[in-house]
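1. my questions concern the predicted model and sequence given below.
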Amino acid sequence: MKVLQSSFAQGFIKMANDGYMQGWHERNGGNLSYRIKEAEIASVAEDISFHDKYMPIGTTVPGLAGEFFMVTGSGKFFGNCSMDPENCCGIIQVDDSGEQYRTVWGLKNGGRPTSELPTHLMNHEVKKEATGGAHRVIYHCHATNLIALTFVLPLEDEVFTRELWESATECPVVFPAGVGVVEWMVPGGREIAVATSKLMRIYDVAVWAHHGMFCSGETFDLTFGLAHTVEKAAEILVKVRSMTSKKQQTITPADFRKLAVDFGVKLDERFLY
Ligand code: 2HA
Ligand code: ZN
């Protein structure tokens, strides 16, 4: 089978387009990666070529040795992924040392994987271990309202988690572990990758101050839905704060504890201050 006939590639491209339609991917903003299953890569073997040379990842991910990833390309526009997937997206393989990758499909005309490859792969490595291999999708988007909040809320996990949870009842059910916050850092390198993957050990969402968010999940639907839920809550909070500096009423810590019992989720008391 050709890569573009596979359900994983079609799901990848649909998610990129869904994010674009939300307005979270201006120009070349954002990036997406998917850790491909063994059976999936075997099913597209006829379309894979091992002729490209290995390039440095920019960090070391020994836990991902030999794994294949579908990724968006550096400088490529999410809005073009569905129209021109072989140029805008690619499949890469990590080498046995976890220090290099090679392109085995797509990224035509000398394209390279996303500039955030170190963060994507370090997140994948952490999540693969933390979820027993269940998480396969890492998604970075420039969600407008969440970015706006990073200018007005203290950059603390406890504050972002609690404010987002209060903004929509479903939030603590969708991201019961909460969200982590990375202070402003230069994007694209190893340092921000280390800071982000540290948070990803605990959370499925990491906020990048004045930049965007990273989400991790099992499937394209769940990962996109997670980003969508976080951004919807952020939008509600932006509207509330635009109307008033003081909430008349809200969801209280006691309410969250009741919700946790009924929905069978564990909410860390750290967020129920
Ligand atoms: O341009 O979003 O963080 C891609 C990015 C970098
Ligand atoms: Zn970005």
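-> Received, thanks. Ligands and ions are numbered 1, 2, ... in the order given.

2. in the stretch 101-250 of the chain, what residue is nearest ligand 1?
-> Pro187 (4.2 Å; CB to the nearest ligand atom). (Each C-beta comes from the backbone N, C-alpha and C, glycine too.)

3. that residue and Gly23, how far apart?
-> Note on Pro187: its distance to Gly23, by CB to CB, to the nearest Å, is 20 Å.

4. and for Thr144?
-> In terms of CB to CB, Thr144 sits 7 Å off from Gly23.

5. one step back: have a look at Pro187 and Gly23 and say which one is more surrounded.
-> Neighbours per residue (other CB atoms under 10 Å) separate Pro187 from Gly23, with Pro187 holding more: 15 against 12.

6. quick one: what helix or strand has that one in it?
-> Per DSSP states H and E, Pro187 falls between elements, in no helix or strand.

7. same deal with Tyr139?
-> strand 137-141.

8. cool, and Leu146?
-> helix 144-149.

9. do the same with Glu26
-> Per DSSP H and E, there is no helix or strand for Glu26.

10. not counting sequence-adjacent ones, nearest residue to it?
-> Computed as CB to CB, 6 or more residues apart in numbering, the closest residue to Glu26 that is not its neighbour in sequence is His142, at 6.5 Å.

11. what is the burial count for Leu237?
-> 23.

12. mind listing what the residue of the stretch 101-250 of the chain closest to ligand 1 touches?
-> Taking CB atoms under 8 Å, 6 or more residues apart in numbering, we find Pro187 in contact with Ser115, Glu116, Trp208, His211.

13. and those residues, which two are furthest apart?
-> Across those, the longest distance by CB to CB is 13.4 Å; it joins Ser115 and Trp208.

14. comparing the two, which residue is more hemmed in?
-> The residue with more neighbours, out of Ser115 and Trp208, is Trp208; 24 against 17, by other CB under 10 Å.

15. so what's the more buried one closest to, chain neighbours aside?
-> Trp208 sits nearest to Val182 (CB to CB, 6+ apart), 5.2 Å away.

16. before we move on, back to that, among the contacts of Pro187, which are in strands?
-> Using DSSP state E, the subset of those located in strands is Trp208.

17. output the contacts of Pro187 in a markdown table, with distance to ligand 1 appended to each entry.
-> Output for these, formatted as a markdown table (distance: CB to the nearest ligand atom, whole Å):
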| residue | distance to ligand 1 |
| --- | --- |
| Ser115 | 5 |
| Glu116 | 5 |
| Trp208 | 8 |
| His211 | 7 |
